[in-house]
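Novice: prediction below, plus the sequence it came from.
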Amino acid sequence: MINPFEYFATSVGAEIDFVRAEKRRGRGVVGIYCEFTPRDLILAAGAYPICLCGSSRKTIPPAETVLPANLCPLIKSSLGYILTNGCPFFSMADLIVAETTCDGKKKVWELIRDRKPQHILELTQKVQETEAWEHWLKEVGKLKVRLEELYDSPISDGALREAITTMNRERALLRAVMEYGAEARPVISGLELGRLRFRVSGMPEHHRRLAELAEALEERKRKGVFAAAENAPRVLVTGCPMSEGTLKVVEIIEEAGGIVVVQETCSGIKPLDPVSGEGDPLTAIAEKHFRIPCSCMTPNTGRLELLSKLAGQFKAHAVVDLVWQACHTYNVESFQAGEFVRRELGIPYLKVETDYSPGDREQIMVRIQTLLEMTR
Ligand code: SF4
Ligand code: SF4
């Protein structure tokens, strides 16, 4: 049997088989594109939430036949999968739950609305205001009604609590593995951690394999098997989300002799807070997701607080801010992030604006090497 590291690096095949079998047994399938979308609620409706964000360069040219080339590669790659019928999960989905985060995504939903039923969550962007919270709570309530209608079955509080337990376990397992990056000498590399994010949530085999992975890391600790040289500069990566296939910047940092100890991103630790087990479960689900410090919010002070907390916990020597080309919100916010990291945290900061192509690898390598030099 393959080890848990290999399992997650190649898990897409197992996920497709699992979802096909579950669909035949009557379970639902819901595609999602953002960490604001509450997976707990979808699970409670008897469906599997599946992240459909694109991480392949190959699907970008087909997307550019309808989208401007100067758009975020994550959006182009995601749409390209749909246009080329390249995503079996999209084909199997009963519903797409999308959201109004950045302008690019928001407008792309209009291009696919004749292909699948869709539900748009309207995100409130002034998260500090009471009205914003009230609006978001209503939006989550509307999604609950939509799912109840779709599957012709009410979602009980008991089902919500059960789904919260499942998702809290998934988040805790992921978090526990990611927290090995905080060790004085990490036993897992940023690249291995980057390959951990999977598409289908609530899949029991993933949970079993995550627990196995934590055991494998304990074993590495016992045997003194480390992921980097003793004095390797510890890098915190922030900014846009990455996944298998788009880990170029993490690869370069580690090829240059550094180690990525944590990702403060939606593909890292940012969305892994638990949902509270107290009070009304739907409100608790809405509350957890409302707190995600995404650059689509204004002001997004929660990101600076999280950067500060993670830089301390993971003992970061430097911060690399990954901005996908034409991601205006993260691009503009990087000025504040850079000022904060240099002035308040007192460590070097580098913004890397790039896309999914390998063409700028050497140029990025030179800049990362200079950054790592600054930490010595
Ligand atoms: S960065 Fe923002 S838009 Fe992207 S997945 Fe995270 S919350 Fe959603
Ligand atoms: S990386 Fe930026 S532009 Fe791309 S989908 Fe996420 S928020 Fe939108």
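Specialist: Nice, thanks for sending it over. Ligands and ions are numbered 1, 2, ... in the order given.

Novice: and the strands in this structure?
Specialist: 28-32, 47-51, 95-99, 118-121, 234-239, 259-264, 318-324, 349-354 (DSSP state E).

Novice: and the gap between I42 and ligand 1?
Specialist: Per Cβ to the nearest ligand atom, to the nearest Å, I42 is found 15 Å from ligand 1. C-beta here means a position set from N, CA and C on the backbone, and glycine is covered the same way.

Novice: from ligand 2, how far out is that residue?
Specialist: I42 is 20 Å from ligand 2, by Cβ to the nearest ligand atom.

Novice: now for S78: which residues touch it?
Specialist: Y33, L52, C53, G54, T59, V108 (Cβ atoms under 8 Å, 6 or more residues apart in numbering).

Novice: with distance to ligand 1 added, can I get those in JSON lines?
Specialist: Converted to JSON lines, the contacts of S78 look like this (distance: Cβ to the nearest ligand atom, whole Å):
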{"residue": "Y33", "distance to ligand 1": "7"}
{"residue": "L52", "distance to ligand 1": "12"}
{"residue": "C53", "distance to ligand 1": "7"}
{"residue": "G54", "distance to ligand 1": "13"}
{"residue": "T59", "distance to ligand 1": "18"}
{"residue": "V108", "distance to ligand 1": "12"}
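
Novice: pull the most distant pair out of the residues you listed.
Specialist: The span of the contacts of S78, defined through Cβ to Cβ, is set by Y33 and T59 at 14.4 Å.

Novice: hang on, the earlier thing: quick one: which of the strands of the chain is nearest ligand 2?
Specialist: strand 318-324 (4.5 Å; Cβ to the nearest ligand atom).

Novice: quick one: name the residues of the protein near ligand 2.
Specialist: C72, L74, I75, T101, C102, G104, K105, C240, W324, C327, T329, Y330 (Cβ under 6 Å from any ligand atom).

Novice: among the strands of the chain, which is nearest A286?
Specialist: Nearest of these (Cβ to Cβ): strand 118-121, 10.4 Å.

Novice: neighbouring strands of that closest one in the sheet, and parallel or not?
Specialist: Strand 118-121 has the following strand partners under DSSP bridges: strand 95-99 (parallel).

Novice: do the strand it pairs with and ligand 1 meet at all?
Specialist: No: legend: contact between strand 95-99 and ligand 1 by Cβ under 6 Å from any ligand atom is lacking; minimum distance shown is 7.0 Å.

Novice: pLDDT of that strand, averaged?
Specialist: For strand 95-99, mean pLDDT rounds to 98.

Novice: just stretch 124-134 next, same as before
Specialist: 95.

Novice: how about the CA coordinates for that stretch, as PDB?
Specialist: Provided in PDB are the C-alpha atoms of stretch 124-134 (Å, rounded to 0.1, in the frame of the first residue of the first chain):
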ATOM      1  CA  THR A 124     -20.400  41.300   2.500                       C
ATOM      2  CA  GLN A 125     -17.100  43.100   2.300                       C
ATOM      3  CA  LYS A 126     -17.100  45.500   5.300                       C
ATOM      4  CA  VAL A 127     -16.700  42.700   7.800                       C
ATOM      5  CA  GLN A 128     -16.400  44.900  10.800                       C
ATOM      6  CA  GLU A 129     -20.000  46.100  10.500                       C
ATOM      7  CA  THR A 130     -23.000  44.500  12.200                       C
ATOM      8  CA  GLU A 131     -25.100  44.800   9.000                       C
ATOM      9  CA  ALA A 132     -22.400  42.800   7.100                       C
ATOM     10  CA  TRP A 133     -22.700  39.900   9.600                       C
ATOM     11  CA  GLU A 134     -26.500  40.000   9.500                       C
END
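
Novice: buried sites along it?
Specialist: Within stretch 124-134, the residues that count as buried by 16 or more other Cβ atoms under 10 Å are T124, Q125, V127, A132, W133.

Novice: returning to what we had before: could you give me the PyMOL selection string for whichever of the residues of the chain next to ligand 2 are buried?
Specialist: Typed into PyMOL, the next command selects the buried ones out of these (criterion: 16+ other Cβ under 10 Å):
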select buried, resi 72+74+75+101+102+104+105+240+324+327+329+330
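
Novice: helices - which of the residues of the chain next to ligand 2 land there?
Specialist: L74, I75, G104, K105, T329, Y330 (DSSP state H).

Novice: look at the fourth one and report its pLDDT.
Specialist: pLDDT for K105: 97.

Novice: contacts only, for it.
Specialist: Y33, C34, I75, A98, E99.

Novice: as CSV, the residues of the chain next to ligand 2 with distance to D280 would be great.
Specialist: Output for those, formatted as CSV (distance: Cβ to Cβ, whole Å):
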residue, distance to D280
C72, 36
L74, 34
I75, 35
T101, 26
C102, 30
G104, 34
K105, 29
C240, 33
W324, 37
C327, 35
T329, 31
Y330, 33
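
Novice: show me what from this protein comes close to ligand 1.
Specialist: So the chain meets ligand 1 at C34, E35, F36, T101, P241, C266, I292, C294, C296 (Cβ under 6 Å from any ligand atom).

Novice: could you redo the last one with a cut-off of 5 Å?
Specialist: For the chain, the residues in contact with ligand 1 (Cβ under 5 Å from any ligand atom) are C34, E35, T101, C266, C294.
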